[in-house]
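Chemist: Sharing a sequence plus its predicted fold:
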Amino acid sequence: MNDTRRPNIKDVAALAGTSVATASRVLNQTGYTARETRSRVLKAAEAIKYQPNLRAKGLRRGSTRTIGILIPNLENAHYVALADVISQLLAESGYQLLLSSTRDDPTLEWNAVRSMVGHDVDGLIWVPTECSPEILDYVHSQKVPAISLVRRFKEGAIDTVVFEDFQGSKAATQHLIQLGHQRIGFIAGDIHYSSNHDRWQGYQAALREAGLPVDPALVKLGPVRSSWGSVATNELLPLFPTALFVASNAIMAGVIKTLHQHKIEIPNQLSLIGFDDLDWFSYSSPPISAVAINAERSAEAAVDLLMRRLQEPYNDQRQPVILQLSFELVIRESTAPLK
């Protein structure tokens, strides 16, 4: 056998002294084969470390039993939790996960989508970056069912599972207002993405309904990274906000680090609330109030919806399903009445 290539079923048959058809029957567990012959084939396969080509096998069956998932990065704990739950749910249904991090780079996203389609994934679960009609048209043209998760395409052009970002953000801001806060700083990600945009809108809506002005100087929008939390907090502190609403868990660590550096006491000097309730929020000092969203529920909803689509004939003209998952406002010790 040529050492530069992977062993194939012909190599197994040659070593076992059988036909390829017989080796195939044994390895695929189809049809009858004499016990002695079966033993020779299995020993030959083990000897040369034969691994079936699952992709070729899947193509013959019309399915690779593989689902592609595209997420912006592996730094955001929420995306990592989503990918983990999705992986477990897919495994229970007999599917493998093909994971790609797009870094919110449209070029990387295009390459990842093309690569996954080229690997004949049965479907996509996708936190979109560019949200362009062109990339969606490409996926439709390849007849690949896709679910948009966390973020949505414009006009709901695809099956979508998102959170109540607007209402959750509005509720968090209203909580601070009810505590007497009027100068509320808002730190969030790029509003090019629907989830960040809706949270920004919810913050503004709560202020306006309370008769409070929306001060652009108190709004800091940037990359969803801890480092941005530090930069934004340093820019906000000279403006003397009495509360901060941090609209992404990935930003929160940088915010808290900077508040500690400035020896700001939470909540005595500044109230703090976040969006996405991580485990460490509950044992931080003080524990952090947050809009809690359930990664497990969203992963289950996305997988259930995709599995339903895979059981139907492909139809890109059908009305997309839009699911909005509710939130819980978890009040802890980081928010307190204005002194």
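Modeler: Happy to help now that I have it.
Chemist: ok, Thr233 touching Ile187?
Modeler: Yes. Applying C-beta atoms under 8 Å, one finds Thr233 in contact with Ile187, separated by 7.1 Å. Quick note: C-beta positions are derived from backbone N, CA and C, even for glycine.
Chemist: which neighbours do these two share?
Modeler: Among the neighbours of Thr233, those also in contact with Ile187 (C-beta atoms under 8 Å, 6 or more residues apart in numbering) are 244, 255.
Chemist: Looks to me like Thr233 is in a strand.
Modeler: No. Applying DSSP: H, G, I helix; E, B strand; the rest coil, one finds Thr233 to be helix, outside a strand.
Chemist: The closest residue to it other than its chain neighbours: neighbouring residues, count only.
Modeler: Using C-beta to C-beta, 6 or more residues apart in numbering and skipping the chain neighbours, the partner closest in space to Thr233 is Thr258 (4.1 Å). Counted with other C-beta atoms under 10 Å, residues neighbouring Thr258 total 19.
Chemist: Could you measure from Thr258 over to Leu236?
Modeler: 9 Å (C-beta to C-beta, to the nearest Å).
Chemist: How about Phe186?
Modeler: 9 Å.
Chemist: between those two, who's got more neighbours?
Modeler: The neighbour comparison of Phe186 against Leu236 (other C-beta under 10 Å) goes to Phe186, with 27 against 22.
Chemist: I'd say that one and Val219 touch.
Modeler: Yes. Because the distance of 4.9 Å satisfies C-beta under 8 Å, Phe186 is recorded as touching Val219.
Chemist: shared neighbours of the two, anything?
Modeler: Applying C-beta under 8 Å, 6+ apart, one finds that Phe186 and Val219 are jointly contacted by 200, 203.
Chemist: so Gln324, which of the three states?
Modeler: strand.
Chemist: Ser24 now?
Modeler: Ser24 ends up helix, using three-state DSSP.
Chemist: Not counting its neighbours along the chain, what's nearest it?
Modeler: Of all residues not flanking Ser24 in the chain, Ile9 sits nearest, at 6.0 Å (C-beta to C-beta, 6+ apart).
Chemist: Contacts made by the one helix or strand Arg308 maps to with the rest, please.
Modeler: Using DSSP states H and E, Arg308 maps to helix 295-310. By C-beta under 8 Å, 6+ apart, the surrounding residues in contact with helix 295-310 are 67, 78, 81-82, 85-86, 89-90, 93, 122-123, 125, 145, 147, 149-150, 159, 161, 163, 321, 323, 325.
Chemist: now it: how far from the chain's centre is it?
Modeler: Relative to its chain's centre, helix 295-310 lies at 12 Å (C-alpha atoms, centre = their mean, to the nearest Å).
Chemist: how about the CA coordinates for it, as CSV?
Modeler: C-alpha atoms of helix 295-310 as CSV (Å, rounded to 0.1, in the frame of the first residue of the first chain):
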residue,chain,number,x,y,z
ALA,A,295,-28.4,29.9,25.7
GLU,A,296,-29.7,26.4,26.1
ARG,A,297,-33.3,27.4,25.1
SER,A,298,-32.0,29.3,22.0
ALA,A,299,-29.8,26.4,20.9
GLU,A,300,-32.7,23.9,21.4
ALA,A,301,-35.1,26.2,19.4
ALA,A,302,-32.5,26.6,16.5
VAL,A,303,-31.8,22.8,16.3
ASP,A,304,-35.5,21.9,16.5
LEU,A,305,-36.3,24.3,13.7
LEU,A,306,-33.4,23.1,11.5
MET,A,307,-34.3,19.4,12.1
ARG,A,308,-37.9,20.3,11.0
ARG,A,309,-36.6,21.9,7.8
LEU,A,310,-34.4,18.9,7.0
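Chemist: That one - what's its average pLDDT?
Modeler: Regarding helix 295-310, the rounded mean pLDDT is 93.
Chemist: please renumber so the chain begins at 726
Modeler: Sure thing, new numbering starts at 726, so read that last one as helix 1020-1035.
Chemist: lowest-confidence helix or strand of this protein?
Modeler: Sorted by mean pLDDT, DSSP states H and E, the helices and strands of the chain end with helix 779-786, the least confident at a mean of 52.
Chemist: Domain boundaries for this protein, per the record?
Modeler: Split into domains by automatic domain parsing, the chain comes to 734-777, 785-888+1021-1051, 890-1019.
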